[in-house]
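In: build me a structure from this.
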Amino acid sequence: MSPHARKRRAARRPPARPRTRRPSRRQHSGDRLLAAGAGIGLAVAVVNWLLAHWWVPLTIGTLAALAGAGWLYHRHRHARWEAARAQGLRYALTQLDALHHARFEEAVRDLMRRDGCRDAVQVGRGGDLGADVKATDPYGRRWVIQCKHRRKGPAGSAVGTPDLQVLNGTARQVHGADIAVIVTNGRVTAPAVAFARDQRLHVVDRDTLAVWASSSRPLWELLRALPPPRSPTPLS
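Out: Down below sits the predicted model:
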C-alpha cells in the first residue's frame with residue numbers, strides 16, 4: 001500500500017472516543033456515607049429543636065385531639081338526631097301535596113329510612129329510567145320506587161297505565177328490583193291498577209300513602225303479595 005493510500009485510510013477512521021472514568025466503589029460508598037451523615041444530622045437538629053421547643057408539638061397534639069373529639073361528638077349527636085327524627089317522622093297529606101316533586105321524592109326516601117332501609121337513596125333525575133328512590137329493606141329485598149307527585153292532589157291528573165309500563169320495563173331488568181312500586185299523592189286509574197296487579201307491580205295510592213306517612217307502620221306491612229324475604233343483610 002502506498003503512503004498516500006495509508007494517509008487516506010487513516011483520515012477516514014473516526015476519532016477515538018475519550019475514556020470516561022467510572023466512579024469507583026470507594027466513591028459510591030463515600031457518597032452514601034455523606035448522605036447518611038446529612039440525614040442523621042438533620043434528624044438530630046429536628047430532635048434538638050423539638051426538645052428546645054417542647055410546647056409546640058404539645059400544642060399541636062392538644063389541638064388535634066380537641067378537633068377530633070369535637071368531630072366525633074358532632075357526628076354522634078347528628079346520628080342520634082337523625083335516628084330520633086326517623087323514628088318520629090310523620091307527614092300529613094296536606095304537607096305532601098305542598099311539596100315540590102323533588103322534595104316529594106326525598107320524603108319517600110326518608111319514610112323508607114324510617115322503616116329501616118338504611119341505604120335508601122333518592123336517584124330521580126333526568127334519564128332515571130323510572131327509578132326515583134332505591135332501597136333495601138331489613139329482609140334483603142331490593143325496592144325500586146317511582147314517585148308521581150301531583151300539585152293538586154286528587155284533583156290533578158291521574159296516574160295511568162303508561163306510567164306503570166315505564167316502571168315495569170325498567171325496575172327489574174335495569175335496576176334489579178325485587179319489589180317495584182309507584183307512589184302518588186293523586187289518583188290512579190282502574191286500568192293502571194289492573195295492569196299493576198297483572199305485572200306484579202305495587203301501587204301506593206293516596207289512601208295508602210296517607211296511612212304510611214302518618215303512622216309508624218313500614219310500607220311492606222301495607223302491601224300485599226310481596227316476595228318472600230331474602231337472607232338477612234347487614235342492614236337488618
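In: going forward, measure contacts and count neighbours with C-alpha atoms only.
Out: Noted.
In: quick one, strands of this structure?
Out: In chain order, the chain shows strands spanning 121-122, 133-136, 142-148, 179-184, 202-204, with DSSP state E as the criterion.
In: same list, the ones you listed, but as a markdown table with mean neighbour count and distance to Arg32 please.
Out: Output for these, formatted as a markdown table (neighbours: other C-alpha atoms under 10 Å; distance: least, C-alpha to C-alpha, whole Å):
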| stretch | mean neighbour count | distance to Arg32 |
| --- | --- | --- |
| strand 121-122 | 20 | 58 |
| strand 133-136 | 23 | 60 |
| strand 142-148 | 24 | 62 |
| strand 179-184 | 24 | 68 |
| strand 202-204 | 22 | 75 |
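In: closest to Leu226 out of these?
Out: When those are ranked by proximity to Leu226, the top entry is strand 179-184, at 7.2 Å, counting by C-alpha to C-alpha.
In: which residues does that closest one contact?
Out: 141-150, 159, 164, 167-168, 171-172, 200-206, 209, 226-227 (C-alpha atoms under 8 Å, 6 or more residues apart in numbering).
In: can you tell me the strand partners of it and which way each runs?
Out: Looking at strand 179-184 with DSSP bridges, its partner strands are strand 142-148 (parallel), strand 202-204 (parallel).
In: export the longest one as CSV, just CAs?
Out: Right, strand 142-148. Output in CSV follows, covering the C-alpha atoms of strand 142-148 (Å, rounded to 0.1, in the frame of the first residue of the first chain):
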residue,chain,number,x,y,z
ARG,A,142,-84.4,-4.5,46.8
TRP,A,143,-87.1,-1.8,46.3
VAL,A,144,-87.4,0.5,43.3
ILE,A,145,-89.9,3.3,43.7
GLN,A,146,-91.2,5.6,41.1
CYS,A,147,-92.8,8.8,42.5
LYS,A,148,-95.7,10.7,40.9
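In: so how far is that strand from its chain's centroid?
Out: The chain centre lies 18 Å from the centre of strand 142-148; the measure is C-alpha atoms, centre = their mean, to the nearest Å.
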